[in-house]
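A.B. asks: coordinates only, no sequence provided:
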Ligand SMILES: CC(=O)CC(=O)C(=O)O
Ligand SMILES: [Mg+2]
C-alpha cells in the first residue's frame, strides 16, 4: 500500500523517535559507562524535532547541554519481530540527527535511578537534516559523521565503530516495539560530546552526503 504522506518530511508524521545509547565503545568509555552487551533504548516525542532555520533551545532547567551527532534511520515499512536478514527492506532512508542531551539532568537522573525524559526528550532535542533517500548511502555501516561547534571539530566517527549494526537494531527494537512507517531510529553517538552555549553555531555532516547548521538559543 502506498502512503499519501511524504517521507521527505518524516518529522511531520508524529511518529516514534527511538534512540540507541552507548552504541560506540569510545563514547561509552568517555562517560565512564560500561560497554553494553544489549542495546540501551530510550524514546523522544515527535515534539523534539527541529529542522534547519529554527534554533535548538537550551531547556530552562539545564546548565550543561551536550551535542551528540548520530546517524538516523527512517523506517519506510513497519513491522514486528523483523528478522535481521529482512531489516534493510524496512528502511526508506536516513537523516543526520542530533541527540541533544541535558547532561547535568541526565547525571542527576542516573544517580537517583530516574528515567532520562527531562534530559533527552525536551522540545528541540532532536534536530534533523533533510531526508536522505536510501540509495544515497550505499553502506550505512561505513559512513563518517562529524560535528563542529563555532568552526571547531568536536565529534568525528564512523558508523563502522557501532557495537550493534543497523539490521540488528531494527530486528531487536521491532521485537519489543512495533516499527511504523515514519519512525526514526537514532543509532548512537561517537566520542567527543561536549557542552554548547547560547549563540553557538553547530555544523554537522555525513561526509559527502549532507550537512546541517543550527544555532543554540535560550528561552527568554
Ligand atoms: C549516555 C547517553 O546519553 C547515551 C546516548 O544517547 C548515546 O548516543 O550514546
Ligand atoms: Mg545519543
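C.D. replies: That came through, no problem. Just so it is clear, the model here is predicted, and its values are computed rather than measured. Ligands and ions are numbered 1, 2, ... in the order given.
A.B. asks: tell me which parts of this protein are close to ligand 1?
C.D. replies: Residues of the chain that fall close to ligand 1, judged by CB under 6 Å from any ligand atom: 19, 21, 22, 23, 27, 31, 68, 99, 101, 188, 189. (C-beta placed from N, C-alpha, C; glycine too.)
A.B. asks: emit the PyMOL select command for whichever of these are buried.
C.D. replies: In PyMOL, a selection of the buried entries from the residues of the chain next to ligand 1 looks like this (16 or more other CB atoms under 10 Å):
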select buried, resi 19+21+22+23+27+68+99+101+188+189
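A.B. asks: can stretch 159-177 be found next to ligand 2?
C.D. replies: No: residues of stretch 159-177 are not located near ligand 2 by CB under 5 Å from the ion, the shortest gap being 11.9 Å.
A.B. asks: do stretch 142-151 as well
C.D. replies: No: on the criterion CB under 5 Å from the ion, stretch 142-151 is out of touch with ligand 2, staying 12.0 Å away.
A.B. asks: where along the chain do the helices fall?
C.D. replies: Remark: helices assigned in the chain by DSSP state H are 25-30, 103-112, 117-120, 166-176.
A.B. asks: any chance of those in a markdown table with mean pLDDT and distance to residue 153 as columns?
C.D. replies: Shown next, in a markdown table, are the helices of the chain (pLDDT from 0 to 100; distance: least, CB to CB, whole Å):
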| stretch | mean pLDDT | distance to residue 153 |
| --- | --- | --- |
| helix 25-30 | 94 | 15 |
| helix 103-112 | 98 | 20 |
| helix 117-120 | 98 | 24 |
| helix 166-176 | 98 | 25 |
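A.B. asks: got JSON lines for those helices, with distance to residue 211 too?
C.D. replies: Conversion of these to JSON lines gives the following (distance: least, CB to CB, whole Å):
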{"stretch": "helix 25-30", "distance to residue 211": "21"}
{"stretch": "helix 103-112", "distance to residue 211": "25"}
{"stretch": "helix 117-120", "distance to residue 211": "24"}
{"stretch": "helix 166-176", "distance to residue 211": "21"}
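A.B. asks: to residue 129, which of the ones you listed lies closest?
C.D. replies: Of all those, it is helix 166-176 that lies closest to residue 129, at 17.1 Å by CB to CB.
A.B. asks: check the offset of that closest one from the chain's centre.
C.D. replies: From the chain centre to the centre of helix 166-176 is a distance of 16 Å (CA atoms, centre = their mean, to the nearest Å).
A.B. asks: and for it, what's in contact with it?
C.D. replies: Helix 166-176 has contacts (CB atoms under 8 Å, 6 or more residues apart in numbering) with 18, 20, 38-39, 41, 73, 75, 79-85, 87-88, 90-91, 140-141, 159, 164, 179, 185, 187.
A.B. asks: cutoff 10 Å now
C.D. replies: 16, 18, 20, 23, 38-39, 41, 71, 73, 75, 78-91, 94, 140-141, 159, 162-165, 179, 183, 185-188 (CB atoms under 10 Å, 6 or more residues apart in numbering).
A.B. asks: any buried residues in that helix, and which?
C.D. replies: 166, 167, 169, 170, 171, 172, 173, 174.
A.B. asks: so who does the nearest residue to the fifth one once chain neighbours are set aside touch?
C.D. replies: Read it as residue 171. Computed as CB to CB, 6 or more residues apart in numbering, the closest residue to residue 171 that is not its neighbour in sequence is residue 84, at 4.4 Å. By CB under 10 Å, 6+ apart, the contact set of residue 84 is 165, 166, 167, 168, 169, 170, 171, 172.
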